[in-house]
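A.B. asks: The sequence and its predicted three-dimensional model are supplied below.
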Amino acid sequence: MRIPRSHPTVWGSTPGPIAEADLAAYDRDGYLVLKDLLSDEEVNRYREELRRLNTDEDVRSDDRVVLEPDSEDIRSVFEAHLISPVFGELLRSRRLVSIARQVLGSDVYIHQSRVNFKPAFGGAEFDWHSDFETWHAEDGMPVPRAFSMSIALTENHPHNGPLMVIPGSHNTFVSCVGETPPNYHETSLRVHRLPIGSADRESLTDLANTHGIRQITGRAGSAVMFDCNILHGSNGNITPHPRSNIFVVFNSIENTLKEPYAALNRRPSHLASHDFSPIR
């Protein structure tokens with residue numbers, strides 16, 4: 001089922017760090033690339049923290065860590081802003097939060113954060129999906145007043161599984177086929193292709209034929225912000241080059257979670273925070 005979007009993409013009307021022309025492009029396409037968000041010195045610092053998390057046995061045994069489908073390599077570390085003070089400082093920083101306030105038109109909180117490792121020689125794909133479909137159905141997010149930011153800590157090459165988006169697809173809500181099983185998050189985060197939670201092929205084909213597919217590449221230190229309802233995914237990484245990023249979701253404090261709209265139980269707080277305290 002496809003439903004035309006009835007909510008804005010840009011909720012704010014006051015100036016901020018995003019230029020007016022760039023904000024208009026984000027409103028039109030549903031995503032925006034920020035080419036030089038981090039300096040080279042910052043990239044080196046955050047890469048070192050990435051290595052620390054990857055080798056820390058306490059982190060590896062944490063319930064908030066998801067492993068790759070076909071190996072014991074770490075795929076994602078959730079609640080990165082709480083597990084890592086280094087990443088927490090970045091994700092709560094004025095430079096990011098001011099962007100979130102400008103786009104969402106209110107104070108914001110962190111709905112979700114994670115580190116995605118996308119390791120060399122086996123980082124699995126992420127199937128096509130809209131985050132809002134899951135956040136609405138399983139987490140109880142009322143409306144699409146949230147966005148994600150993926151900050152590259154390694155080079156995003158065309159060949160190592162970079163993010164792909166269907167620009168303009170954020171203006172169509174695509175409901176997924178099937179009913180969410182109990183505790184589906186325990187398996188869905190560690191599979192190659194999602195039998196439930198992904199958009200249907202007919203909708204994907206129609207929207208891709210209408211809007212095209214864009215691949216987000218760029219240097220380490222660049223970032224991409226994208227609306228919670230845009231259809232996106234990424235191919236697997238069989239190259240020697242990892243594609244690692246730090247990922248954060250900002251949600252408006254005027255859009256806090258209710259009961260799930262199409263699931264029996266809420267997902268754990270590391271996937272959908274229930275601490276709605278605004279970032280100051």
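C.D. replies: Cool, got the structure.
A.B. asks: what are the pairing partners of whichever strand or helix holds M225, and which direction each?
C.D. replies: Using DSSP states H and E, the secondary-structure element containing M225 is strand 223-227. The pairing partners recorded for strand 223-227 under DSSP bridges are strand 31-34 (antiparallel), strand 146-152 (antiparallel).
A.B. asks: average pLDDT for that strand?
C.D. replies: Mean per-residue pLDDT for strand 223-227: 98.
A.B. asks: After it, which helix or strand is next?
C.D. replies: Later in the chain than strand 223-227, the nearest helix or strand by DSSP H and E is strand 231-234.
A.B. asks: and the most centrally placed residue in the chain, what is it in contact with?
C.D. replies: Among the residues of the chain, S148 comes closest to the average C-alpha position under Cα atoms, centre = their mean, at 4.6 Å. Contacts for S148 (Cβ atoms under 8 Å, 6 or more residues apart in numbering) come out as 131, 225-226, 228, 247-249. Just so you know, the C-beta spots here come from the backbone N, C-alpha and C atoms, and that holds for glycine as well.
A.B. asks: Let's see if you can find the most crowded of those residues.
C.D. replies: The residue in the contacts of S148 with the most neighbours, by other Cβ atoms under 10 Å, is C228 (26 neighbours).
A.B. asks: thinking that one is in contact with M149, fair?
C.D. replies: No: using Cβ atoms under 8 Å, C228 makes no contact with M149, being 11.3 Å away.
A.B. asks: Settle this for me: H270 is touching V77, isn't it.
C.D. replies: No: H270 is beyond contact range of V77, at 9.6 Å (criterion: Cβ under 8 Å).
A.B. asks: anything in contact with each of those two?
C.D. replies: When contacts are counted by Cβ under 8 Å, 6+ apart, H270 and V77 are jointly contacted by R64.
A.B. asks: partner residues bridging Y31?
C.D. replies: Bridge pairing for Y31 (DSSP bridges) gives the partners F226.
A.B. asks: what's the distance between it and D227?
C.D. replies: When distance is defined by Cβ to Cβ, to the nearest Å, Y31 is 7 Å away from D227.
A.B. asks: just Y46 next, same as before
C.D. replies: Taking Cβ to Cβ as the measure, Y46 falls 25 Å from D227.
A.B. asks: higher neighbour count, these two?
C.D. replies: Neighbours of Y46 and D227, each counted by other Cβ under 10 Å, are more numerous for D227; the result is 28 against 23.
A.B. asks: Now do stretch 127-136: distance from first to last residue.
C.D. replies: 18 Å (Cα to Cα, to the nearest Å).
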